[in-house]
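**Q** Below: sequence and its predicted model.
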Amino acid sequence: MILVSDCKQRIQEEIPYPDKAFNTSKWISDSLGCSSYRKNTCESVLKNEKYFLGKNYKKIFSLLGKPTSNYKGGLESGTLYYVVECMKIPGYNGEPEQYSAKESQMLLFDMKRDTCVNMSMITP
């Protein structure tokens, strides 16, 4: 018996992000969510959850940049946190306003074996 196979590696074509209006540079530069770009586009990201499911962390980073906060469990099997909207803390005694990501709305990507398995939103 003779077996013949195609030795060429099939290259999977990358599917572009469905929302053409989404701007990666603006998302990344609004890292604390204080410019409202993340807040205004978060609905699009959540609506396109199927795009992210099954993607590895490098693909997510290429669209959204590095997560705002630390990863729990590491890049490949943890949670990626992106701040969506900052919390402004008023300044006292002439001090300037401060911003906190701790008590902010966040977008989460749950990763298992370097694959996004779930997305969710946390609202304090």
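**A** That came through, no problem.

**Q** Give me the below-cutoff pLDDT ranges for this protein.
**A** Scanning the chain for pLDDT under 70 picks out the ranges 1-13, 70-76, 88-89, 91, 94, 96-103.

**Q** which outside residues touch the helix or strand hosting Cys116?
**A** Applying DSSP states H and E as the criterion places Cys116 in strand 115-122. Applying CB atoms under 8 Å, 6 or more residues apart in numbering, the contact partners of strand 115-122 are 42, 45-46, 49, 52-57, 60, 84, 105-111. For every residue, glycine as well, the C-beta is placed using N, CA and C.

**Q** Can you list the buried residues in it?
**A** For strand 115-122, a neighbour-count test (16 or more other CB atoms under 10 Å) marks Cys116, Met119 as buried.

**Q** Pull up the pairing partners for that strand, direction included.
**A** strand 98-112 (antiparallel) (DSSP bridges).

**Q** hang on, the earlier thing: what distance separates the strand holding Cys116 from the centre of its chain?
**A** Per CA atoms, centre = their mean, to the nearest Å, the displacement of strand 115-122 from the mean C-alpha position of its chain is 9 Å.
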